Each structure stands twice: as structure tokens, then as C-alpha cells.
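Participant: fold the following and give me the result.
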Amino acid sequence: MSNETQSNEHIVKSYDEELTRLTGEIQRMGELALSQLEAAIDAVMQRDGDAAMRVVHADAAIDALEDEVSHDVMRLLALRQPMARDLREVLAALRIAAAVERIGDYAANVAKRSLVLNQSAPVKLAHALPRLARLAQTLVRDVLAAYAGHDAERALAAWARDEELDAQYTGLFRELLTYMMEDPRNITPCTHLLFMAKNLERIGDHATNIAENVYFLVKGTRIEGMRRKGDTSSAVSAVDDPR
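Facilitator: Numbers count the residues shown, from 1 in each chain. Coordinates of the predicted model:
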């Protein structure tokens, strides 16, 4: 084996190791974001202000990991000058890391809202938030698994399922609106629940963004067609009867 061949093999192996490290960093970000979301919902349901504050403060760890990913991507672009599939791999990592960071932000936002919500009497419709959060968590887990496995079909399936999350969000939006109309004292706590629910719906949107990036990474083409949206809350008026 010539020295040139050995050198080329070393370069390829080194590059593959850097890409593997990049993927691992994003997976760690994803696990942290999912843990944050679960902890935020627990804090809401337990009305635990201390737990909520821990979620808020822990968001910095996800931000730090995104900074690492950005630094590694810039280094790879500068030193390796990737082309074609390799370039898609690096750019997808940058975009997916940004989406995961936003997911962590939304989890922190839920925790922040819970601190204010705790100042009001418990609202019975709060029980719907864990259901919405579980759907969002499932979507995020699926798209991260699709990314780790370079599985375009799994990414596409998750992309399509966001409609279910949207529909549940719209249903909760209608219920909360009716609850506020029935008793003005419910307006403040229900408003905070609405913001929390919207944060969970937005997590689903970022999961679909990850799915789109995974699909493009693997296939080299965009997902065909427009994603169906189940969020019709913008069309709900105060006089609608959701029952």
C-alpha cells in the first residue's frame, strides 16, 4: 500500500469520525431537550416552582451544545470543504441543531409559564397538556432516530404525523376558549395554558423541520407536496361552540 493511499484512508477515517462526533452531539442535545420537556410538564402538573426553575436554568446546557455543533460545522467546512452528500450532512447537522435548541427553548418557556400559573387556582384543563406533550415528544424522538439512522422513510412518517398534534392543539384551544367564556376568572390561568399549548405545538413544527432536513440529507431532494396542517385555531372565533 502506497503512502498516498494510506494518507487518503486516514483522511476519510478522520472525516467520518468527525461526522460521527457531530451526530453524537446532536443526539445529546435531543435527549436533553426531551428531558427538559418532560421535566417542564411534570413541574406544571405538580405545581412545583423549584422544579420549573431547574428547567429554566438547565436550558443553558442545550445552548452550549449548539455552540459546539456550530463550531464543529464551521471547522469542517473550512478544513474539509465537503461536497455533495458530505456537504448535505454538515449543513443538516447545523439546521437540526438549531431546531433542537429551539425545542429546548420552548420547554423552558412552558416551565416559565408554570411559575405564573401556580399563582392561580388549579385549572382542570391542565390535564390535557401531558397528552399534547407526549405527542410532541414522540415526534421529536422519531425524527432524531431517523437522523441517527439516516432513515428517510421514518422521517417522512413523522413529518406526516404532525397533523395529529396540530389537531389536538386546536381541540384544546377551543376548550380553553370556552372555559374562559364561562367564567372570566379563568381568563388569566387559561391564557397561560394557551401559551404552553402553543409552545408544544411549535415543538411539533420544529420536529417536522428536522424530518425535512433528514429526508433531504438522505434523498437529496425535498419532500414533495405541502404538509397538511391540523391547527385551525386561527379560524376559531369567540362565538364558536366547540361542543
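Participant: rest of the way, CA atoms for contacts and neighbours
Facilitator: Will do.
Participant: in the protein, where's the longest helix?
Facilitator: helix 3-46 (DSSP state H).
Participant: what's that helix packed up against?
Facilitator: Identification of packing neighbours for helix 3-46 by 3 or more C-alpha pairs under 8 Å, 6 or more residues apart in numbering; DSSP states H and E yields helix 49-80, helix 84-117, helix 128-149.
Participant: average pLDDT for the longest one, rounded please.
Facilitator: Model confidence over helix 84-117, given as mean pLDDT, is 95.
Participant: which strands or helices does it pack on?
Facilitator: helix 3-46, helix 49-80, helix 187-219.
Participant: most tightly packed of these?
Facilitator: Among the helices and strands packed on helix 84-117, judged by mean count of other C-alpha atoms under 10 Å, the one packed with the most neighbours on average is helix 187-219 (a mean of 23).
Participant: tell me what angle it forms with helix 3-46.
Facilitator: 160 degrees (axes from the mean of the first three to the mean of the last three C-alpha atoms, to 10 degrees).
Participant: let me know the secondary structure of the residue nearest to residue 128 when sequence neighbours are not counted.
Facilitator: The shortest distance from residue 128 to any non-neighbouring residue, by C-alpha to C-alpha, 6 or more residues apart in numbering, is to residue 172 (7.2 Å). The three-state assignment at residue 172 reads helix, by DSSP: H, G, I helix; E, B strand; the rest coil.
Participant: so can I have TSV of the helices and strands packed on helix 3-46 showing distance to residue 156?
Facilitator: Putting the helices and strands packed on helix 3-46 into TSV (distance: least, C-alpha to C-alpha, whole Å) gives the following:
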stretch	distance to residue 156
helix 49-80	25
helix 84-117	15
helix 128-149	9
